[in-house]
Each structure stands twice: as structure tokens, then as C-alpha cells.
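A.B. asks: Dropping a prediction and its sequence here:
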Amino acid sequence: SQKIEQNSEALNIQEGKTATLTCNYTNYSPAYLQWYRQDPGRGPVFLLLIRENEKEKRKERLKVTFDTTLKQSLFHITASQPADSATYLCALDKSNTGTASKLTFGTGTRLQVTL
Amino acid sequence: DTAVSQTPKYLVTQMGNDKSIKCEQNLGHDTMYWYKQDSKKFLKIMFSYNNKELIINETVPNRFSPKSPDKAHLNLHINSLELGDSAVYFCASSQDLTSEPQHFGDGTRLSIL
């Protein structure tokens, strides 16, 4: 069966360091992969989208890689700040251009950035 | 201005009751979604609508009936509530039904007593 795995344990890092979160998937051929941030009591907020033919995407302090051979995406936050503390969700979509999107979410990794 | 708004934010009710959750988006998007997030924080799609037309129905019990009076609104009515329906329900929207970023509301926490 299809599976999307993210570290279920919280990731604790010190301010200023780079946080790296992992999203692994099996029995899945996603066309797109998205990363979202979710704060307690709030809805997920979109961060980055990467397509299967893209290796890497950047936005300010964020970087996402997508390795379809390893079936893995890595999400990096450089120069992390306490305000980056949240749960980060990866979401896969196997729809191709013109077909209906259906996101399948991982369970998320909680990131805690300490001073 | 809130882009995707849901009401109510909290809903506490007895088993067997019928309840509705409302969702509105002011982004001019064509596609709207309902998701359920359970106690383990697993977020799972329930329905998607595009221009008032049902696109995805993820084998949700027919006690759940979405209704889209126009493309800016997608409401969720739930009949005969069960204990297992306790969860946070999120509404979302996207520009169209292809893989675009989705904008989520802040959720409705449904608790069944």
C-alpha cells in the first residue's frame, strides 16, 4: 500500500543551525510534492512545490530537494529561528497536468528551534 | 481579510445529532476541498469540488454531504454523528483542480459527546 513517512519524533535544533526534515514514500509515483507548515490550532500553510522533473527548489531560507530514485524529499531551513518552530507536512500528488489534484499528506514532523 | 474562513471554530454536540460546517473563500478560486485531521494529526482528503461540481469523494460515509451553492462556498453537513467523527475538519481552496498550492482555513474542531 502507499505510504508517506515523516519523522514522527520532534526535531530539536539550536537557533542558527540548519534544520533538515525528511519525507519518504513507497508504492507511489508522485508528479508533485508540496511542503506545508502547520501551527497549533491553525490550518496548514503552503511553503513550496516541487515537480518530479525538478531536483531542487529554493525560497528565501527554505530549500526542497526531490529524489524520485530514492523516493525521498528533503526540506531544509537554514539559519533557523525560534519562529520556525511548527509542524511541517509533506504532501504528494500523482495527478498529471489537467487531471484533478489529490494531495496525500504525511503525518508531519514537529520542529522545535531553541535559543 | 481572511482568505478561507470556516464556521464554527468549535462544535460540541451529542452522538446522533446532525450538524453543519460552513466554508467560504474570497480568493476567487475554482476548487474547494474538505479534509479531516484525526487525533494523530493525519490529514486526509474527503471531498473536492470544482465550480460547484463534485470531483473527488474519498469513500466517505454518506452521512457526510457536501454542498456547494456557488464556487466561493463549500459547506459540510453531517447526519447522525458518531464518536469516530470527532476530529478537526479543514476547508481549503486552490486556483483550479490541477496541482496548485492549497489555502486552508483554520479548521473546525468537532467533539462528539
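C.D. replies: Sure thing, it's come through.
A.B. asks: Can you tell me what sits against the helix or strand of chain B with the lowest mean pLDDT?
C.D. replies: Lowest by mean pLDDT, DSSP states H and E among the helices and strands of chain B is strand B:53-57, with a mean of 90. Under the criterion C-beta atoms under 8 Å, 6 or more residues apart in numbering or on different chains, residues A:100, A:102, B:31, B:33, B:45-49, B:66, B:68, B:97 lie in contact with strand B:53-57. Just so you know, the C-beta spots here come from the backbone N, C-alpha and C atoms, and that holds for glycine as well.
A.B. asks: Could you identify the pair within these that is furthest apart?
C.D. replies: Using C-beta to C-beta, these reach their maximum pairwise distance at A:Lys102 and B:Ser68, which is 17.5 Å.
A.B. asks: Near chain A, which residues of chain B are found?
C.D. replies: B:4, B:31, B:40-45, B:48, B:50, B:55-56, B:90, B:92, B:94, B:97-107 (C-beta under 8 Å from any C-beta of the partner chain).
A.B. asks: Buried among the residues you listed? Make that a ChimeraX selection.
C.D. replies: Applying 16 or more other C-beta atoms under 10 Å in any protein chain shown to the residues of chain B next to chain A leaves a buried subset, and the ChimeraX line that selects it is:
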select /B:4,31,41,43,45,48,50,55,56,90,92,94,97,98,99,100,102,103,104,105,106,107
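A.B. asks: Next, the contact list for A:Gln92, please.
C.D. replies: In this structure residue A:92 is Leu, not Gln. Contacts of A:Leu92 were listed using C-beta under 8 Å, 6+ apart, and they are A:4, A:25, A:28, A:30, A:32-34, A:103-104.
A.B. asks: among these, which are in strands?
C.D. replies: Residues of these located in strands (DSSP state E): A:4, A:25, A:32-34, A:104.
A.B. asks: Any regions of the chain where pLDDT drops low?
C.D. replies: The chain I'm using is chain A. Across chain A, residues meeting the criterion (pLDDT under 70) sit at A:95-98.
A.B. asks: Chain B was what I was after
C.D. replies: Filtered on pLDDT under 70, chain B yields the residue ranges B:1, B:99.
A.B. asks: Residue in it with the shortest distance to chain A?
C.D. replies: B:Phe104 (3.1 Å; C-beta to the nearest C-beta).
A.B. asks: need the contact list for the nearest residue in space to that residue that is not next to it in sequence.
C.D. replies: Distances taken as C-beta to C-beta, 6 or more residues apart in numbering or on different chains place A:Gly43 nearest to B:Phe104, at 3.1 Å, with adjacent residues excluded. Counting by C-beta under 8 Å, 6+ apart, A:Gly43 touches B:4, B:90, B:92, B:104-107.
A.B. asks: Assess the claim that the residue of chain B closest to chain A and B:Ser94 are in contact.
C.D. replies: No - counting by C-beta atoms under 8 Å, B:Ser94 is not a contact partner of B:Phe104; they are 10.2 Å apart.
A.B. asks: before we move on, the earlier item: so which of the ones in strands among the contacts of A:Leu92 reach chain B?
C.D. replies: Restricting the ones in strands among the contacts of A:Leu92 to contacts with chain B (C-beta under 8 Å from any C-beta) yields A:32, A:34, A:104.
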